[in-house]
Every structure is written in structure tokens, then in C-alpha cells.
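Engineer: Fold the following for me, if possible:
(chains A and B)
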2 protein chains.
Amino acid sequence: MELYFITHNESKFLEAEEIGKEYSVSINWVNQEYEEIQNNKLETIALKSCKRILQKEPSLNNKNFFLEDAGLFIEALDGFPGPYSSYVFKTIGNEGILKLMEEEKNRRAFFKSVIAYYSNNETKIHTGKTEGEIIHNMRGEKGFGFDPIFQPTNSNATFAEMSLETKNLYSHRQKSLRELLTSL
Amino acid sequence: MELYFITHNESKFLEAEEIGKEYSVSINWVNQEYEEIQNNKLETIALKSCKRILQKEPSLNNKNFFLEDAGLFIEALDGFPGPYSSYVFKTIGNEGILKLMEEEKNRRAFFKSVIAYYSNNETKIHTGKTEGEIIHNMRGEKGFGFDPIFQPTNSNATFAEMSLETKNLYSHRQKSLRELLTSL
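Structural biologist: Just a heads-up that it's a prediction; the model follows:
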């Protein structure tokens, strides 16, 4: 089977391509940026992105394609930074999040990945969630974004302290992708 | 002359209607929600919103209409919360912004309002900016959003301590609207 992954991010594609092989699915890269709407729900953002891409690229109508959106949701901050995680990372960064969480006892947070998958005139949502906590000081230099302040449940290491292989065992993005691949 | 203001916010419309009268312009309310894209620039968001509304409501093609978007941009936080001000207000609120700014000496910030105005197949941008600073503790109970922590330059009061009349003298939204009305 052949799928198309619409993403501007090469490492996301390469990761997906590898996992696809386990399921005998060939994943092709469509290196394309697209506009996302402002919304509190990743699911809504991903569904609308799918719809817009189809309007812009009618040739995709006959293909099976997907796109992915993700965010960090912190319970004590009402889900902030959520769908705006990449903007928040670029502006206030990990330091900003740690500051907001300084005196906070509830450290619960989760990373969530949402895939919108289009096939045969239908769009379906697949999600992956990794629960964990916001630690008090950054640790680790691997990964990217909020990885140095997020420690998944049942781990003593942050995402930024893990090898890619270990991180993948916990990864929200792998979970949503495997859910998609299993559903095919 | 007759203009249509597309907004879901009645008080924004009523304010605009009043100012319109000063310019002998009759402003009508189109009470409609629309999707905004994620982007760092208010101008881009407003232009794209215009384009999308025209696609959805082709009847607007023959009308003169506008929409408005605004945000608070804090210099020391790289422009945060900027275009995502309403989401940030709903999640971390004024308390969150004050915490992020706790030890910050550079308190400079501005409110910016951007109007996208469509007429005769053309969309033009009008902007209004109000410079000021983020104070150290909330003051005042009027207004909404970040008003209690923003004090415009040359004032000793925050937006939330001002009567509506006084606030209007400083208002970024009035500036962009008057720029539009003057240009007609």
C-alpha cells in the first residue's frame, strides 16, 4: 500500500517512512507547507487542513494521504501551550514555561499527536498521547522544542535525555502513526 | 457611504458604528464568525480571512466590507502573545504574563489593531498601534483581556482604569478604524 505524508519537516517524514516499513506500507513525502487555522482542538485544525489541501490540490483526491499536528498540553495552565506550542516555544521557550510553572504543584502534562488521514473521500482522525510531567529544570540536549522539560510517566529521563530509539518507545507521534497503520 | 463590518463581537461593532457617524459612513453589522489562520503577522491573518470569507460568501463581492484582528506584543517576550492574545488570555491570563515579566526590566509593549478592508476587488490593510508598558501588578477593573496590565505611554492609568471615552483616545482599534475611514 502507498500513502502520502504531507509535511514540511523532513525528520518527521523519515521517522514515518521507517515505521511504515514495519507494516509493509510505503510512505511518500509531499514536502508542502499548508496553513493551519486557529483552534483549541488539534483534531479540528488537522481536519480543516485536510479539507483545504484537497481544495488547493484536487489531484490528491485519488490518493491516500495524511498530515500530522501535535502539541504539549499542561493541565495547570488550562492546556497551554496546546495547539500553539511551536509559536510559544519560539517566543517564551522552555524558560517561559518553567517560569509559569514555578510554584505549581500540579505538574501533569501530555504531548498529543493528531493525524488526519484522507482516503476514499473520507477523513479519519488518529491520535497518540504521552502522559508525563513538567520537571523543574531543563535536562538533556537531544530532541527539540519542549523535550528538555517533559518527562514521560514511568521514566526517569526527559525526552531530551533519551536516545531517539528510547524516545520512540514513548513518542505520541509514533502512537498516532501506528494507530493509522494498524487501521489500514 | 455604506460599509459592512464582519465580526462576532457586538461591542466592537457598536464602537465602530459610532465612529462611522463622525465620517458620515454608515457601518452595518455582519454577525459572522470566521476562521483565522495561524501566523505571526496580524496583517497576513486578516488578509487571508478576507480571502476566505469571499470564497464562502460570494455575495460580499459587490460590497465594501472589513474585518479586524488585534493583539498585544511584548518586546521582551519576542512579541508574545501577539496574534494568539485571546487564547493566551484564556489560558494563562494576566497572572501568567506578569509572571513571565517578573524580573524583566524591558517593559515595552504595544497593542496593534489591523483592519483588512475589501472594496472593488482589492483588499487594503489599515493599522493602529498604541505603545505602552506592562506594569508590575494588575490595576483597574474596566475593559477586558490584558487591559489591567497595560499602561499606554503618557498615561498614569492602565486601560482597565480608564473610562471608555478616555480609553478611546488611546485605542489601537480606533486608530486603525479612523485610518480606514479617512482613506475612503
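
Engineer: Can you read off the backbone torsions of the residue most central in space within chain A?
Structural biologist: Taking Cα atoms, centre = their mean, the centroid of chain A lies closest to A:Ala70, which sits 3.0 Å from it. The phi and psi values for A:Ala70, taken as degrees, to the nearest 10, are phi -140, psi 160.

Engineer: Low-confidence stretches in chain A?
Structural biologist: Judged by pLDDT under 70, chain A has no weakly predicted residues.

Engineer: Show me what from it comes close to chain B.
Structural biologist: Contact residues, chain A versus chain B (Cβ under 8 Å from any Cβ of the partner chain): A:35-40, A:48, A:77-84, A:87-88, A:90-92, A:96, A:99-100, A:102. Every C-beta, even on glycine, is put in place using the N, C-alpha and C of the backbone.

Engineer: which residues in chain A form strands?
Structural biologist: Taking DSSP state E, the strands of chain A run over residues A:2-6, A:26-30, A:65-74, A:81-82, A:108-119, A:122-134, A:150-152.

Engineer: buried ones in the longest one?
Structural biologist: Within strand A:122-134, the residues that qualify as buried by neighbour count (16 or more other Cβ atoms under 10 Å in any protein chain shown) are A:Thr123, A:Ile125, A:His126, A:Thr127, A:Gly128, A:Thr130, A:Gly132, A:Glu133, A:Ile134.

Engineer: now the angle from it to strand A:65-74?
Structural biologist: Counting by axes from the mean of the first three to the mean of the last three Cα atoms, to 10 degrees, strand A:122-134 lies at 30 degrees to strand A:65-74.

Engineer: gap between A:Ile97 and B:Ser163?
Structural biologist: For A:Ile97, the distance to B:Ser163 equals 37 Å [Cβ to Cβ, to the nearest Å].

Engineer: okay, those two: which has more neighbours?
Structural biologist: A:Ile97 (25 against 10; other Cβ atoms under 10 Å in any protein chain shown).

Engineer: Setting the sequence-adjacent residues aside, check what's closest to A:Glu75.
Structural biologist: Among residues not flanking A:Glu75 along the chain, A:Arg108 sits closest, at 4.3 Å (Cβ to Cβ, 6 or more residues apart in numbering or on different chains).

Engineer: For that neighbour, list each beta-bridge partner.
Structural biologist: Counting by DSSP bridges, A:Arg108 is bridged to A:Glu133.

Engineer: swap in the one 10 residues further on?
Structural biologist: The residues paired with A:Tyr118 through beta bridges, assigned by DSSP bridges, are A:Phe65, A:Thr123.

Engineer: can you count the residues close to the nearest residue to A:Ser86 once chain neighbours are set aside?
Structural biologist: Of all residues not flanking A:Ser86 in the chain, A:Gly145 sits nearest, at 7.2 Å (Cβ to Cβ, 6+ apart). Residues contacting A:Gly145 under the criterion other Cβ under 10 Å number 20.

Engineer: Please list only the buried members of the residues of chain A next to chain B.
Structural biologist: In terms of neighbour count (16+ other Cβ under 10 Å), the buried residues within those are A:35-39, A:48, A:77, A:79-84, A:87-88, A:91-92, A:96, A:99-100.

Engineer: Please narrow the residues of chain A next to chain B to those residing in helices.
Structural biologist: Here DSSP state H is the test, and the residues of chain A next to chain B give A:Lys48, A:Tyr87, A:Val88, A:Lys90, A:Thr91, A:Gly96, A:Lys99, A:Leu100 as lying in helices.

Engineer: Looking at those residues, point me to the pair that's furthest apart.
Structural biologist: Spanning the widest gap among these are A:Lys48 and A:Lys99, at 32.5 Å by Cβ to Cβ.

Engineer: Please save the CA atoms from stretch A:71-78 in PDB.
Structural biologist: Extracted as PDB, the C-alpha positions of stretch A:71-78 are listed here (Å, rounded to 0.1, in the frame of the first residue of the first chain):
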ATOM      1  CA  GLY A  71       1.200  20.000  21.000                       C
ATOM      2  CA  LEU A  72       2.100  20.000  24.600                       C
ATOM      3  CA  PHE A  73      -0.900  20.400  27.000                       C
ATOM      4  CA  ILE A  74      -0.200  21.400  30.600                       C
ATOM      5  CA  GLU A  75      -3.000  20.700  33.000                       C
ATOM      6  CA  ALA A  76      -2.300  23.600  35.400                       C
ATOM      7  CA  LEU A  77      -2.200  26.100  32.600                       C
ATOM      8  CA  ASP A  78      -5.500  25.100  31.100                       C
END
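
Engineer: Could you check that stretch and say which residues are buried?
Structural biologist: Judged by neighbour count (16+ other Cβ under 10 Å), stretch A:71-78 contains these buried residues: A:Gly71, A:Leu72, A:Phe73, A:Ile74, A:Ala76, A:Leu77.
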